[in-house]
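Asker: Structure of the sequence below:
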Amino acid sequence: MSKLLNANKTDMKKLRDTLENYVAKIDTHWKSLPVERQKFLTKVFFSGYVLITVIVIVNICISTGQRSNTISINHIDGISKKLIEKRSTHNEIVNSSTKK
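Answerer: As a prediction, this is how the structure comes out:
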């Protein structure tokens, strides 16, 4: 059991080290870019984020505006008759074997 836990810990350490190295490479690459390029890319990423946010909000407003906001509560009619039949035959078999 302890070997398994130690193996998981070493796997997690390897994963953490891999992620840290990747983030360090990306950070180094970002810092090596000229400041004007960094500003431009920041504006592009932020604009994309704002665009996606606006699209989602508009989609939510449209989808909720088209439907009535009432909740209908009904009885559940989804129980299949086959399931009930299987249970009843199973109960008959169990009851017949216990009566003897």
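
Asker: Quick one: mean pLDDT for the helix or strand hosting Lys13?
Answerer: Assigned by DSSP states H and E, Lys13 belongs to helix 2-32. Here helix 2-32 scores 86 as its mean pLDDT.

Asker: repeat for stretch 37-46
Answerer: 97.

Asker: circling back: for the helix holding Lys13, packing partners?
Answerer: Helices and strands touching helix 2-32, as assessed by 3 or more C-beta pairs under 8 Å, 6 or more residues apart in numbering; DSSP states H and E, are absent. C-beta coordinates here come from the backbone N, C-alpha and C atoms, glycine included.

Asker: give me that answer again for 10 Å
Answerer: Applying 3 or more C-beta pairs under 10 Å, 6 or more residues apart in numbering; DSSP states H and E, we find helix 2-32 packed against helix 35-66.

Asker: Just the buried residues of the helix it packs on, please?
Answerer: Applying a neighbour-count criterion of 16 or more other C-beta atoms under 10 Å, helix 35-66 contains no buried positions.

Asker: helices and strands around it, which ones?
Answerer: In terms of contacts (3+ C-beta pairs under 10 Å, 6+ apart), helix 35-66 is packed against helix 2-32.

Asker: The helix it packs on relative to helix 35-66, how many degrees between them?
Answerer: Here the directions of helix 2-32 and helix 35-66 differ by 110 degrees (axes from the mean of the first three to the mean of the last three C-alpha atoms, to 10 degrees).

Asker: Distance check, Leu51 against Ile57.
Answerer: According to C-beta to C-beta, to the nearest Å, Leu51 and Ile57 sit 11 Å apart.

Asker: Now the helix holding Lys13: buried residues?
Answerer: Within helix 2-32, no residue is scored as buried using 16+ other C-beta under 10 Å.

Asker: does Asn74 sit in a helix, a strand or a coil?
Answerer: Of the three states, Asn74 takes coil according to DSSP: H, G, I helix; E, B strand; the rest coil.

Asker: Quick check, Trp30 in contact with Gln38.
Answerer: Yes: between Trp30 and Gln38 a contact is recorded at 6.9 Å, counting by C-beta atoms under 10 Å.
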